[in-house]
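**Q** I would like the atomic coordinates for the input below:
(one chain, ligands or ions: 1)
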Amino acid sequence: MNLRRGNTLIGLMVAMAIVILATLFFVTGGKILGGKVEERPDGKGETMIGKSIYKAKDTQCRSNLGQVRQGIGIATDPVENTFPQSIEETRLGATFYKCPVGGEAYVYDPTTGQVNCPHAGHEKY
Ligand SMILES: [Zn+2]
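**A** Numbers count the residues shown, from 1 in each chain. Purely as a prediction, here's the structure:
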């Protein structure tokens, strides 16, 4: 009977140790086991959870740019082939004209109709 109780206690302690290690692994992003954490170009997000949040915002930035580009396509004069003078002419709303990660305003060139995000790592979006 005593031996059994001892086994249960050791089992419980091992289980707790595994849970604590797993938690540390996720919170530090794998650093405690010598894992290399992929650094973002903007240096945002220190934990694995933080990085996931910023990854979602990266996707939102890409989606914003896609919608703005479509809006520019619609606002482009098909006869004169002139692009809208400002990004606001797409009439999407203020939240679509800036990066959801850094809050920088998108850079729009009315002579080429190109729009880009100036945030570090978003240059090719
Ligand atoms: Zn961006």
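
**Q** what helix or strand is the residue most central in space within the chain on?
**A** Centroid-nearest residue in the chain: residue 55, 2.4 Å away (criterion: Cα atoms, centre = their mean). For residue 55, the host element (DSSP states H and E) is helix 48-75.

**Q** Next, the angle helix 48-75 makes with the helix or strand bottoming out on mean pLDDT in the chain.
**A** One helix or strand of the chain scores below all others by mean pLDDT, DSSP states H and E: helix 2-28, with a mean of 84. Put simply, helix 2-28 runs at 40 degrees to helix 48-75, going by axes from the mean of the first three to the mean of the last three Cα atoms, to 10 degrees.

**Q** which bits of the chain sit near the ion?
**A** Neighbours of the ion within the chain, by Cβ under 5 Å from the ion: 61, 99, 117, 119, 122. Yep, even glycine has a C-beta here, placed from its N, CA and C like the rest.

**Q** ok, and the most crowded of those?
**A** Most neighbours among the residues of the chain next to the ion, by other Cβ atoms under 10 Å: residue 117, with 25 neighbours.

**Q** Count the neighbours of residue 58 for me.
**A** Other residues near residue 58 come to 21 when the count uses other Cβ under 10 Å.

**Q** Find the nearest non-adjacent residue to it, please.
**A** Spatial nearest neighbour of residue 58, excluding adjacent residues (Cβ to Cβ, 6 or more residues apart in numbering): residue 101 at 6.6 Å.

**Q** Am I right that that neighbour is in contact with residue 42?
**A** Yes: in this structure, residue 101 is within contact of residue 42 by Cβ atoms under 8 Å, at 6.8 Å.

**Q** Which residues are in contact with each of those two?
**A** Residues touching both residue 101 and residue 42 by Cβ atoms under 8 Å, 6 or more residues apart in numbering: residue 119.

**Q** Tell me which of the two has more neighbours.
**A** Using other Cβ under 10 Å, the more surrounded residue of residue 101 and residue 42 is residue 101, with 23 against 15.

**Q** what residues are up against the more buried one?
**A** Taking Cβ under 8 Å, 6+ apart, we find residue 101 in contact with 42, 44, 54, 57, 58, 61, 119, 122.
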